[in-house]
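S.K.: Structure for this input, please:
(2 chains)
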There are 2 protein chains.
Amino acid sequence: MRDRETLGIKMLRKEYDHIILLAHGSPDPLWKQPFESLYHQVSETYGEGNVSLAYMELTSPSLEDVVAILDAEVRHVAVLPLFLAVGRHLRQDVPAQIESLQREDLRIELLPPIGDDALVKQAMQTVVANHLGKV
Amino acid sequence: MRDRETLGIKMLRKEYDHIILLAHGSPDPLWKQPFESLYHQVSETYGEGNVSLAYMELTSPSLEDVVAILDAEVRHVAVLPLFLAVGRHLRQDVPAQIESLQREDLRIELLPPIGDDALVKQAMQTVVANHLGKV
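M.R.: Residues are numbered from 1 along each chain as shown, chains lettered A, B, ... in the order given. Predicted coordinates for the structure are as follows:
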């Protein structure tokens, strides 16, 4: 672990060369600010070449835009939806977008949405608890 | 603190009698599951009478439905949006819904969205980090 840290940038998991954070998109230009903020935090830690931010609709860049400019050496991409729940978008629209971008030399995998992670669920419970009582 | 805990149910913050968790809503019936799960966790801890779950559109109950069946003693309600970012919905639609439900004897306050909380932001960074590297 110490060796990795001396590199300055943490190593990616072996199974992914790149992660794309995928938010919904909005007609409101201010809406994207928290997603950009998350992206900047993560790309500063892991290297800009290892993380991208894309939007499903209404806001650019699209998933297609981001995949088009991936480094030529990237072979396995994970798409992490910045969504709280799975609905039509993550069951149909995003899988269809991903399917159209798969290539023989580029495997793209859709991860469960970030809201599905136990860490985010626990944080949300704590936020509600903070608003309600003294925890 | 110990006295409160012996009551079994933690006390609400003095400024709110009730909190309404407000999610977006979806045509997909499975979409609401994580929000219902959060609601059940929180209402088990704080008491069903102190927490409700409502949806902005497409899924019932609506904010109006929930406000209509609040206990008659409730005077100050907080609405906590289960959203990651603020767009048109939280800048216009939800404030308009809330405005139409305010009464002389019932004050309703819109909180910042849950995704705006530092705890949720930190959890999301950690989830991305977990997917990317070994943290």
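
S.K.: okay, how far is it across stretch A:106-124, tip to tip?
M.R.: 35 Å (CA to CA, to the nearest Å).

S.K.: For it, list every residue counted as buried.
M.R.: For stretch A:106-124, burial by neighbour count (16 or more other CB atoms under 10 Å in any protein chain shown) applies to A:106, A:108, A:110-111, A:113-117, A:119-121, A:123-124. In short, each C-beta sits where N, CA and C put it, glycine included.

S.K.: So is it next to chain B?
M.R.: Yes - for stretch A:106-124 and chain B, the contact criterion (CB under 8 Å from any CB of the partner chain) is met by A:111, A:114-117, A:119-124.

S.K.: so what's the residue lying closest to A:Gly115 once chain neighbours are set aside up against?
M.R.: Spatially, and ignoring its direct neighbours in sequence, A:Gly115 is nearest to A:Leu84 (3.4 Å; CB to CB, 6 or more residues apart in numbering or on different chains). When the contact criterion is CB atoms under 8 Å, 6 or more residues apart in numbering or on different chains, the partners of A:Leu84 are A:113-115, B:23, B:34-35, B:82-84.

S.K.: same deal with A:Ser100?
M.R.: Contacts of A:Ser100 (CB under 8 Å, 6+ apart): A:Glu64.

S.K.: tell me the mean pLDDT for whichever strand or helix holds it?
M.R.: Assigned by DSSP states H and E, A:Ser100 belongs to helix A:94-101. Helix A:94-101 comes out with an average pLDDT of 98.

S.K.: doesn't B:Val120 make contact with A:Gln122?
M.R.: No - using CB atoms under 8 Å, A:Gln122 is not in contact with B:Val120; the gap is 9.9 Å.

S.K.: Hmm, A:Asn70 is touching A:Val77, no?
M.R.: If you look again at residue A:70, you'll see it is Leu, not Asn. Yes - the pair A:Leu70 / A:Val77 is scored as a contact, 7.0 Å apart, by CB under 8 Å.

S.K.: Overlap in contacts, those two.
M.R.: Contacts common to A:Leu70 and A:Val77, judged by CB under 8 Å, 6+ apart, are A:18, A:106.

S.K.: So those two - more neighbours on which side?
M.R.: Remark: of A:Leu70 and A:Val77, A:Val77 carries more neighbours, 23 against 17, as counted by other CB atoms under 10 Å in any protein chain shown.

S.K.: Mind telling me what element that one is part of?
M.R.: strand A:76-81.

S.K.: same check, this time on A:Leu58
M.R.: Using DSSP H and E, no helix or strand contains A:Leu58.

S.K.: Can you list the residue ranges for helices in chain A?
M.R.: Assigned by DSSP state H, the helices in chain A fall at A:2-6, A:33-46, A:63-68, A:88, A:94-101, A:118-132.

S.K.: now, among the residues of stretch A:106-124 next to chain B, which is nearest to B:Pro61?
M.R.: A:Met124 (19.9 Å; CB to CB).

S.K.: What pLDDT is listed against the closest one?
M.R.: We note a pLDDT of 97 for A:Met124 in this prediction.

S.K.: My guess is it contacts B:Ile114. True?
M.R.: Yes - counting by CB under 8 Å, B:Ile114 is a contact partner of A:Met124 at 5.6 Å.

S.K.: Would you mind grabbing the residues shared as contacts by the two?
M.R.: Residues touching both A:Met124 and B:Ile114 by CB under 8 Å, 6+ apart: B:82, B:120.

S.K.: which residues does the residue nearest to the spatial centre of chain A bridge with?
M.R.: Nearest to the geometric centre of chain A sits A:Leu21, at 1.8 Å (CA atoms, centre = their mean). A:Leu21 forms beta bridges with A:Leu53, A:Leu80, as assigned by DSSP bridges.

S.K.: contacting residues for it?
M.R.: Neighbour list for A:Leu21: A:35, A:38-39, A:42, A:51-54, A:80, A:82, B:128 [criterion: CB under 8 Å, 6+ apart].

S.K.: Okay, now the unreliable bits of chain A?
M.R.: Low-confidence segments of chain A, defined by pLDDT under 70: A:1-14, A:134-135.

S.K.: ok, back up a step: so which of the helices of chain A is nearest B:Ile98?
M.R.: When the helices of chain A are compared (using CB to CB), the closest one is helix A:118-132, at 16.0 Å.
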